[in-house]
Structures are given as structure tokens and as C-alpha cells.
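Colleague: Any chance you can model this:
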Amino acid sequence: MAAEGPAFTPAFVPLLNKYTIGLLRACRNAAKLSQQLAEDWLRKYMFAKEPDSPKPKAIADFFAKRSNTLSHNRPIGIDKCLELEMKVIDLRKDEYSEACSEDLGIVVRI
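Modeller: Predicted coordinates for the structure are as follows:
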């Protein structure tokens, strides 16, 4: 609504009246919980040997920010995972080329 500006506010009022503040809070809490669980699991499993690493939080923050993915279930490529310093195996490398095809480069779906 902010992108459209105040002139469009009346158009949104009938839509917003359908939602209670409790529902909006529940949605916000669910999003926070999902982000916290992702960070906890990254710290517990992927970065278990690096307990003080800032990477789990940075990765969870990236995935929690909708503008980074623009959609639920959008594939995140191996190059982005490596850029985020996730501990993943690039199956496109030569040592895996016989067992895996090039299109296995996408490893994470959100």
C-alpha cells in the first residue's frame, strides 16, 4: 500500500477491514518463528563446528527478506548458496560430473 501512496488508501480499506489485528500479529509471529528456527537449525546442523559464526543469522535473514526471493518456492541456485557461504556441495564440479547432470545446480527451494 505504501508504494501506491495515500490516494489509494480508500481502495484498500474494505480489504483490510476483513483482517483482525490478532490475525496480523499471528502472521508476524509465524514469520519471526520461521526465521528463528532456520537460524537455530543452521547453527545446530550446518554450522555445528562453528558455534560463534555469524553465518546462520545472515543466511536466515537473507531467506526471511521477501525482496531477496520475491516468491515462496522460488529456487535458489548453487551460486547464491555459495555466495551466502552455505556448506553445500556443488555437484556441477568435475569430480561429480559423471554422477550428476548440469541441472542439479539448484539445491535449495524456499
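
Colleague: Using the three-state scheme, assign the residue sitting nearest the centre point of the chain.
Modeller: Residue closest to the mean C-alpha point of the chain, counted by Cα atoms, centre = their mean, is Phe63 at 1.9 Å. With DSSP: H, G, I helix; E, B strand; the rest coil as the basis, Phe63 sits in helix.

Colleague: before we move on, what about Asp52?
Modeller: Criterion first, three-state DSSP; result for Asp52: coil.

Colleague: So what does it look like in phi/psi?
Modeller: With angles defined as degrees, to the nearest 10, Asp52 sits at phi -100, psi 10.

Colleague: Mind jotting down where the strands sit in this structure?
Modeller: Here the chain has its strands, by DSSP state E, at 75-77, 106-109.

Colleague: among these, which gets the worst mean confidence?
Modeller: Mean pLDDT is lowest for strand 106-109 among the strands of the chain, at a mean of 47.

Colleague: hey, which helix is longest across this protein?
Modeller: helix 21-41 (DSSP state H).

Colleague: if I look at Pro6, how far off is Tyr45?
Modeller: As judged by Cβ to Cβ, to the nearest Å, Pro6 and Tyr45 stand 46 Å apart. (C-beta placed from N, C-alpha, C; glycine too.)
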